[in-house]
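*Asks:* kindly return the folded structure for what I paste below:
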Amino acid sequence: MKDLSSALQAHLDEGTTTLAWCWRITRADGVTFGFTDHDRTLSFDGTEFEPESGLTASEMRFGSDLSVDAQDAEGVLTSDRITETDILDGRWDNAEVELWRVNWADPGQRVLMRRGAIGQIRRGRLAFVAEVRSLAHVLGQTVGRTFQATCDAALGDGRCGFDLEDPAFKGTGAVIEMLRDRAFTALGFEVFAAGWFAHGTVEWTSGANAGRRAEVLAHDLVDGLAILTLLESPVRIITEGDSFIARAGCDKRVTTCGTKFGNVANFRGFPHIPGQDTILRYATKDGGHDGAVL
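*Replies:* All right, here's what the predicted structure looks like:
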């Protein structure tokens, strides 16, 4: 049950109301945005809520169980602060959302209807639909370690402890020629063996993608020339001469951790965990059924 102020309750009891919806969205980079379906700018709690932003909310759905309640916010890209490239870059993914019901004649009379986060964003040619998920979606996320044969740490993080700034695992270069939308030849990586940067990252330092990072799917050498293939096509077009920093990658296997990085002491997997073949094995005539470890 919502706790309404006496002033807002008195306004609702009048029968004729001056109410508006306000959305306050805080992205992961800390930037806060305010939008309202009212025709004038509303302001409270240090946030300016932009009018006529094109946002239209669907009905709110609530449940008494732990399922994820969701609401859709549909609109067109009419706000200068909402750009198509930012949506494609993922800057709005999992942004925190507060939905307020506000008396636009007196913004001090307001009530917080729900909190949530932006989930899936579906984008068309002229419009977008953002899913606003309730806080229950956090209960569906994996918490703690994963019991698996491969490492569950991110290469170079605090649990892994490996220094990716080591020159042997980091290189700088530039795009020579585009082969496909996400594959290109690169200058400056001739000294690295093929596959060295597979599963690693590329951080763009110039060009339209400057400041963005992408995952590397494959790293090949053809006639001494490095060919890098990204996991996904970048939002902005890669052009010849774009410079970047590439860092080595790891396929999360204990063998790679030891031979490539010499970091088995920090391996965060369980390489000796029995696989599915252990469950599916059956008795055979050649013996080997003495109770020993398979």
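*Asks:* low pLDDT regions in the stretch 51-200 of the chain?
*Replies:* 52-81, 122-128, 134-142 (pLDDT under 70).
*Asks:* Gly249 touches Leu217, doesn't it?
*Replies:* No - counting by C-beta atoms under 8 Å, Leu217 is not a contact partner of Gly249; they are 9.5 Å apart. Every C-beta, even on glycine, is put in place using the N, C-alpha and C of the backbone.
*Asks:* overlap in contacts of those two?
*Replies:* With contacts defined as C-beta atoms under 8 Å, 6 or more residues apart in numbering, the residues shared by Gly249 and Leu217 are 198-199.
*Asks:* in terms of packing, which of those two has more residues around it?
*Replies:* More neighbours surround Gly249 than the other of Gly249 and Leu217, with 22 against 16 (other C-beta atoms under 10 Å).
*Asks:* contact partners for Asp93?
*Replies:* Contacts of Asp93 were listed using C-beta under 8 Å, 6+ apart, and they are 28, 118, 121.
*Asks:* top of those residues by neighbour count?
*Replies:* When neighbours are counted by other C-beta under 10 Å, Ile118 leads these with 18 neighbours.
*Asks:* check which helix or strand that one maps to.
*Replies:* strand 110-123 (DSSP states H and E).
*Asks:* each with direction, which strands does that strand pair with?
*Replies:* The strands beside strand 110-123 in its sheet (DSSP bridges) come out as strand 96-103 (antiparallel), strand 127-134 (antiparallel).
*Asks:* mean neighbour count added to these, as a markdown table?
*Replies:* Listed next are those as a markdown table, based on neighbours: other C-beta atoms under 10 Å:
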| stretch | mean neighbour count |
| --- | --- |
| strand 96-103 | 19 |
| strand 127-134 | 20 |
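*Asks:* export the ones you listed to JSON lines and tack on distance to Gly269?
*Replies:* As requested, these are exported to JSON lines (distance: least, C-beta to C-beta, whole Å):
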{"stretch": "strand 96-103", "distance to Gly269": "33"}
{"stretch": "strand 127-134", "distance to Gly269": "31"}
